[in-house]
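Undergrad: here's a sequence, model it:
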Amino acid sequence: MTAIPSWAEVARARWTNDGRSRPAFALAPGPGQESVWDYPRPPLIVSDPREVMVRWRGRVVARTRQALRVLETAHPPTFYLPLADTDRALLRAAAGRSYCEWKGRARYGSLVDGEQTLERIAWSYPAPLAGAEVLHDRVAFHARGLDCTVGGVAVQPQPGGFYGGWITPELVGPFKGAAGSEGW
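TA: Now for the predicted structure:
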């Protein structure tokens, strides 16, 4: 666990959408649906018993029934999978870093299989901030370029190229990541 640094406190304080009220442009959920606008800030981390599978080029990269979903206002959930349930022989460290005011410093990974590489498709938090400690020894994957399923249902990637949420049929948005959504 890492203490919460001052830069993270400053970043946390700027959010106005925190799941306590849904903005007028947000879609209302129907029966059996969840609005990403009802997710809180700071994010809620919950276990998900459904089978989560990540495949690349027909090969199983990860498969688990012990995923954690990070639920944050305006984002489709990000699924964090135990490293123990991941084919780590395919993962290679990748350049770059980013910082999340809720989770800490991210480490990136690429998938490599022979001559094929999928760059910066995975990330983890080796020293998560206080409140996100359960993400230690877990990895998340962008759905772009991969075949990802939750409970046997194919997921869609979150819009944009940065965030890694997975859109499943029970979710309603709109979802952060598209142009113009930076301040959500």
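Undergrad: spatially nearest residue to Gly152 (excluding sequence neighbours)?
TA: Closest residue to Gly152 apart from its sequence neighbours, by C-beta to C-beta, 6 or more residues apart in numbering: Glu51 at 7.0 Å. No exception for glycine: its C-beta is placed from N, CA and C like everyone else's.
Undergrad: looks like the one you found contacts Cys148 (just checking).
TA: No - using C-beta atoms under 8 Å, Glu51 makes no contact with Cys148, being 11.4 Å away.
Undergrad: related to what we said a few turns ago, for the residue nearest to Gly152, grab phi and psi.
TA: phi -70, psi 130 (degrees, to the nearest 10).
Undergrad: quick one: average pLDDT of stretch 78-96?
TA: Model confidence over stretch 78-96, given as mean pLDDT, is 97.
Undergrad: for the residue most central in space within the chain, give me phi and psi.
TA: Compute the mean C-alpha point of the chain, and by C-alpha atoms, centre = their mean the closest residue is Thr78, 2.3 Å away. For Thr78, the backbone dihedrals are phi -100, psi 130 (criterion: degrees, to the nearest 10).
Undergrad: and for the closest residue to it other than its chain neighbours, the neighbour number?
TA: Spatial nearest neighbour of Thr78, chain neighbours left out: Val70 (4.6 Å); criterion: C-beta to C-beta, 6+ apart. A count of neighbours around Val70, defined by other C-beta atoms under 10 Å, yields 23.
Undergrad: from Gly96, how far out is Ala127?
TA: To Gly96, Ala127 is 17 Å away according to C-beta to C-beta, to the nearest Å.
Undergrad: gap between Thr149 and Arg69?
TA: Counting by C-beta to C-beta - Thr149 and Arg69 are separated by 14 Å.
Undergrad: for the two, indicate the residue with more neighbours.
TA: Between Thr149 and Arg69, Arg69 has the larger neighbour count (other C-beta under 10 Å), namely 22 against 18.
Undergrad: so who does that one touch?
TA: Contacts for Arg69 (C-beta atoms under 8 Å, 6 or more residues apart in numbering) come out as 45-48, 77-80.
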